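A.B. asks: One predicted model, sequence on top.
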Amino acid sequence: MDELKRIIRDIPDFPKKGIIFKDITTLLSDAKSFHRMVDLLAHRYLGEKIDQIVGIEARGFILGAALAYKLGTGITLVRKPGKLPYQTCSINYDLEYGSDSLEIHEDAFKKGDRVIIADDLLATGGTMAAVFELVENIGAEVHECAFMAELEFLNGRSRLPDGKVYSLLKL
C-alpha cells in the first residue's frame with residue numbers, strides 16, 4: 001500500500017491557497033500501479049452478490065468501470081443535472097460553500113439490487129452521502145462505498161452509515 005501511496009502526487013495550493021491536492025492521475029497513468037489498485041479493491045468483493053457498480057462523475061467513472069469489469073457487473077452513472085438522456089431522479093445537497101445536484105436514471109436498478117458506490121477519494125463525505133441516499137431512494141441496497149483513497153483528517157466517513165465504507169489507501 002505504501003508503494004501506491006507514494007505514486008500519488010501532492011499539488012500545494014490547488015485549487016486554492018492552503019490546500020494540498022492529492023493528484024491521483026500519477027497512479028492512474030502507471031499501468032502496474034493502476035492494475036494493482038483495481039485488483040486489490042476488487043478482491044474485497046469476490047464471492048459477494050453485487051448487481052451493479054455506481055460511478056460518480058467524473059473520476060468515479062474510472063474506478064467504477066474498472067471495478068465493474070473485474071467483478072463482472074455493469075456500471076450505473078451518477079451525473080450532474082442535464083447529462084443523462086433518460087428520465088432521472090435527482091438529489092440536492094450542500095457543499096462547503098453552496099449546493100449541488102446529482103442525477104441517476106430512474107430505472108437504473110431493480111428493487112433490491114445490491115450495489116457498490118465507487119469513487120476515487122473520500123474527503124468530507126457530502127457527495128457520497130447524497131449518492132447513497134439517491135441510490136436507496138430508487139430501490140437499491142448499498143452494499144458498500146468503495147474508495148481508492150480516504151483523507152482521514154477530513155472525517156468524511158462520519159457522514160456515511162457505519163460499516164458501509166471501505167478505503168484502500170488512507171492518506
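C.D. replies: All right, it came through fine. Numbers count the residues shown, from 1 in each chain.

A.B. asks: Now L102: closest residue in space that isn't a chain neighbour?
C.D. replies: In this structure, L102 finds its nearest non-sequential neighbour in V78, 5.2 Å apart by Cβ to Cβ, 6 or more residues apart in numbering. Every residue, glycine included, has its C-beta placed from N, CA and C.

A.B. asks: ah, wrong one, I meant E3
C.D. replies: Once flanking residues are discounted, E3 sits nearest to S33: 7.4 Å by Cβ to Cβ, 6+ apart.

A.B. asks: Next, work out how far apart the one you found and A58 are.
C.D. replies: 20 Å (Cβ to Cβ, to the nearest Å).

A.B. asks: Spatially central residue in the protein, please.
C.D. replies: Geometric centre of the chain, nearest residue: D119, 1.6 Å, by Cα atoms, centre = their mean.

A.B. asks: pretty sure it belongs to a helix, no?
C.D. replies: No - counting by DSSP: H, G, I helix; E, B strand; the rest coil, D119 is not part of a helix but strand.

A.B. asks: residues contacting it?
C.D. replies: Each residue near D119 by Cβ atoms under 8 Å, 6 or more residues apart in numbering is listed here: G55, I56, R59, G60, L63, G64, T127, M128, C145, A146, F147.

A.B. asks: what are the phi and psi values for the nearest residue to it once chain neighbours are set aside?
C.D. replies: Leaving aside its chain neighbours, D119 sits nearest to G60 (4.0 Å; criterion: Cβ to Cβ, 6+ apart). Dihedral pair for G60: phi -70, psi -20, per degrees, to the nearest 10.

A.B. asks: Pretty sure G60 sits against T76.
C.D. replies: No - judged on Cβ atoms under 8 Å, G60 makes no contact with T76 at a distance of 10.8 Å.

A.B. asks: more crowded one of those two?
C.D. replies: G60 (27 against 22; other Cβ atoms under 10 Å).

A.B. asks: contacting residues for the more buried one?
C.D. replies: G60 makes contacts with V54, V78, I117, A118, D119, D120, as judged by Cβ under 8 Å, 6+ apart.

A.B. asks: Please consider this matter closed, and thank you.
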